[in-house]
Each structure stands twice: as structure tokens, then as C-alpha cells.
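Asker: With the sequence up front, the predicted model follows.
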Amino acid sequence: MRTRLPAAAAIAFVAMVALSAQNAPRDVDLIVTGGTVVTVDAAGRVIENGAVAIDGADIAAVDTAAAIAKQFRGRETIDASGQIVLPGLINTHTHAPMVLYRGLADDLPLMEWLNNYIFPAESKTVSPEFVRAGTRLAALEMIESGTTTFADMYYFEEEIARETRSAGLRGVLGQTVIQFPVADAKTPADALARAETFINEFKGDPLITPAVAPHAIYTLDGPTLRAARALSKRHDVPTLIHLAESRDETKVAEERRASSPVAYLEGLGFLGPGVVGAHGVWVSDTDIQVLKMRNVGISHNPESNMKTASGVAPIPKYLRAGVSIGLGTDGAASNNDLDMFEAMRIAALLAKHDSSDPSTLSARTVLEMATIRGARALGMDGRIGSLEPRKRADLITVSVSGARQTPMYDPISHLVYVIHGDDVRNTVVNGKVLMRDRNVLTLDPTAVIAEAQSWAAKVRAAVKPPATSR
């Protein structure tokens, strides 16, 4: 004989089952748990024994490990115990394939380095195959050292985009426009046509943001600079340009218009939202105000600027003016690596040395330049740069359990002054694990390095390095 529950009991039972289902942890794709989570959000939250829940390409929640465990159940888990969890680093200026010229010519002024060694080397060796091999090597180095987004300027940028996407990295990638014949374009008009084709192929891609990259005012005339900027505006994509990097560049601007590089570009109607200027060393207070007014982003590249003796960018003035400023490595031919942790440390120390003030450029500000401020300079701070719900799941974890990292009183201090790129343990971009416990999953490191070595032999055969660097 079947026993029926009274109506009230049945309703209560159903409600209890529904409540239990409602309170059950929700399945998500990945949980990174157990580490010290440095969010770099607006509140500057640092969560001891924290966790990040990732669903698809997005961050679902950031909280304590206990709170995340109550709300979510991960199909995959990364144990970040003894590690710091932070947003993936954003390199706002580099030339990825130039890793194949690493150490080719050192200890030279910028213009001598470019005109006597780099431009000739590129004329003899750059090809789609070269670019693919160099990008794979750069992607491997970036994944291993914690960079998840990079802004690039080079030739055959479509090849860079394909390799970047295959490796799982995020890129703001600019097809270079330059006045003289280069490997992928004989004229500026050819380069602009290539840039438009490139934009059309990759616009809307979840990982690749196409851009136009007019090289610099000293390698382009006014009409070409205007045309490059107009192309960017027409397609609503970024414009990447070297800006006020050296004294020689300021001489070009003075000769053309008796003005600074910034004033020269302003006179052309070039400056505006979406423009990212790399370096920004030789600028006046008036220039800085113009850059702020035009909402131009700046990429600070302290290591490259120091190595080529190009000068010291006035970073404190930029920050006081409210200019969006990120951090970059420049290409490995002038740095000579893509380690953003090294760039952070050098940026902080250089500013203190230059100002004779140890409080200049705090560790927190430098970390922001490598994350959320860099995202803002690229116009991407709504999607990346901090660990917050609904942002893209770009994050890394770094080990802090070794002798060099012990003791740790302040995780932000450690990230800027202690951590190296090879302390990175895990790298996640767009919710996909690219490196787990130092094992890169999207590239074959042995094959990538072997291919790079074979290209190094070809470069060595084609280009005679300067005797001064030996």
C-alpha cells in the first residue's frame, strides 16, 4: 500500500530539494586556488589563501579559497599553494620575431644600431618563415615568463597573428608601415594595403586585435603618417608608433616643423584615442598635456632606453598628468629579453635613481603599469588587466617558496623587486591553460628552440656582427 505525503509535507520536501540544488556548487571549467591573490582591482585587494573561478573565457568569481569552494566546483583545478596569483602581464611594446636578433649588435647608439645593423639584417633575413620561427620563440619566452598580452610592430604581421593565436596568447598586433622597401612591402602604399587586408582577416578575433603600425616620424613622411592614421580610424583599430624615443628623432621634428615629435604629430592631426606611443622619452610638459588631452597611451621601455642611452622617460610627470601609461620590453634585439618582471624592477629603480627620490614610482604603481594601466593604454582595461568577475581569464601564478623569495612580508613588493620570469609556474589566457607547472602545453619547446638555432646560423652567415660587441 502506497503512503502519500500530506500536501504540506510534499511542498516542504520539494522546496528542500530545490534549495539544496540551488545551494550546490556550480560547475566551472577551472579553479585556481590556495595562493595569495593579488587582484590589481580598484580596491587593490590582496586575498590570502584566495581563489579564482574561471568559466569558459571569463572570470566567474574571485574570493577566498573557502568561499569559492562553497560556490563552485572546478572541472579542472590548479593548486597555487606557495604562489602568488595575479593578472597576466601586458607588454605594451615589442617586436616579437626580433628575438632571432638577440645579441646580434650591442652597446651602440639607437640610430647606429638601427641603420648599420638591424635594418641591413632585416633586409637579408626577414621572410614569412623567419617571422613564424621568431614568433614561436617569443611566444614560448612570454608564456614561460608570465606575459599574456603583447603589443607588436613588425612585418608579415598576419604570420605573427596566426602563431600568436596558435600559442594561445593575446596580441595587439600592428602591421608596420615604413617609407623604404622592406621584406613584405616595397612602398608605403603596399604596406597600407597589407595593413587593411590584415585588419579584415583578424578583426573580431577573440585573441587578436589588429592594428596599424606607422614606424616613426623619422622613417615616414607626413602624408603617409596621415594615411596610416586614417586607416586605423576607418576600421576603429589601434595605431602603434615609436614616439620621441631619441634626440635624433627630435632633430627630425625640428627640421620638418620646428617642433617636438609630439607637436609634429599633433599638427598632422595624428594624435587621438587609440594611438599608443612607444617610449615617449623626449617630451616637454606641454607635450604631456597634449598627449593627455588626446587620450594617447604611452609604453615605457626602460631597459631598451637605458641600453641605447636614449634617455629617461618622465614617468612621474606622465602619471601626475593622468596619461595612460603601460610597460614594455621593446624587442629582444635591444633589451635583450621579454621578461616583464625584469622590466618592472628596472622601471622602479630607474625612476628612483633619476629623481634622487626613493619614493618615486612605488611597487604598486609599477605592477599596475604592467597590468591594469597597460591595459588602459591599449584601450583594453574593460576586458583584461585585473582579476575581476566578467573580465577575461588571463592570469599567472608565481612561486614564492624558494630561498630567494623568503621571507615575504609584502607580495606586491616581491612581484616587483624579487620575482623573475622563470618563477612563473602557470599561465592562463582566455581561460585556457598554456603552461601548467612549468610545462608549456601549446608549443613544443624543444622544437621551437631547435628551429631558432637553425635561424641563428642563417642570420650569422648573412650579417657580420659589429666587432665592438665582442
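Answerer: Great, that's in hand. Residues are numbered from 1 along each chain as shown.
Asker: Helices along the stretch 301-450 of the chain, start to end?
Answerer: Listed in chain order, the helices of the stretch 301-450 of the chain (DSSP state H, counting those that start in this stretch) span 302-307, 315-321, 340-355, 363-369, 372-377, 411-417, 445-462.
Asker: of all those, which lies closest to Ile59?
Answerer: Taking Cβ to Cβ, helix 372-377 is the member of the helices of the stretch 301-450 of the chain nearest to Ile59, at 13.8 Å. For glycine as for every other residue, the C-beta is placed from the backbone atoms N, C-alpha and C.
Asker: In the chain, where's the longest strand?
Answerer: For the chain, the longest strand by residue count, based on DSSP state E, is strand 26-38.
Asker: Could you tell me which strands that one is paired with, and in which direction each runs?
Answerer: Sheet pairing of strand 26-38 (DSSP bridges) gives strand 46-55 (antiparallel), strand 72-79 (parallel), strand 83-87 (parallel).
Asker: Any idea which of the ones you listed gets closest to Asn439?
Answerer: Taking Cβ to Cβ, strand 72-79 is the member of those nearest to Asn439, at 12.2 Å.
Asker: Mind listing what's buried along that closest one?
Answerer: For strand 72-79, burial by neighbour count (16 or more other Cβ atoms under 10 Å) applies to 72, 74, 78.
Asker: ok now that strand, how far from the chain's centre?
Answerer: Chain-centre distance of strand 72-79: 27 Å, with Cα atoms, centre = their mean, to the nearest Å.
Asker: Residues in contact with that strand: which ones?
Answerer: For strand 72-79, contacts defined as Cβ atoms under 8 Å, 6 or more residues apart in numbering pick out 25-34, 53, 60-61, 397, 426, 428, 433, 436.
Asker: how about a cut-off of 6 Å?
Answerer: 25-32, 34, 53, 426 (Cβ atoms under 6 Å, 6 or more residues apart in numbering).
Asker: now those in CSV, with pLDDT, neighbour count and distance to Ala393?
Answerer: Compiled in CSV, the contacts of strand 72-79 are given as follows (pLDDT from 0 to 100; neighbours: other Cβ atoms under 10 Å; distance: Cβ to Cβ, whole Å):
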residue, pLDDT, neighbour count, distance to Ala393
Pro25, 95, 14, 18
Arg26, 97, 11, 16
Asp27, 98, 10, 15
Val28, 98, 23, 10
Asp29, 98, 19, 9
Leu30, 98, 23, 8
Ile31, 98, 26, 11
Val32, 98, 31, 9
Gly34, 98, 19, 17
Ala53, 98, 27, 9
Asn426, 98, 24, 12
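Asker: And for Ser362, the neighbour number?
Answerer: Neighbour count of Ser362, defined by other Cβ atoms under 10 Å: 16.
Asker: a markdown table please, covering the buried residues of strand 72-79 and showing pLDDT and distance to Val99.
Answerer: Formatted as a markdown table, those follow (pLDDT from 0 to 100; distance: Cβ to Cβ, whole Å):
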| residue | pLDDT | distance to Val99 |
| --- | --- | --- |
| Phe72 | 98 | 38 |
| Gly74 | 98 | 35 |
| Ile78 | 98 | 28 |
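Asker: Sketch out the strands for the stretch 151-300 of the chain, chain order is fine.
Answerer: 170-177, 208-214, 239-243, 275-279, 297-300 (DSSP state E, counting those that start in this stretch).
Asker: Fine, thanks again, bye for now.
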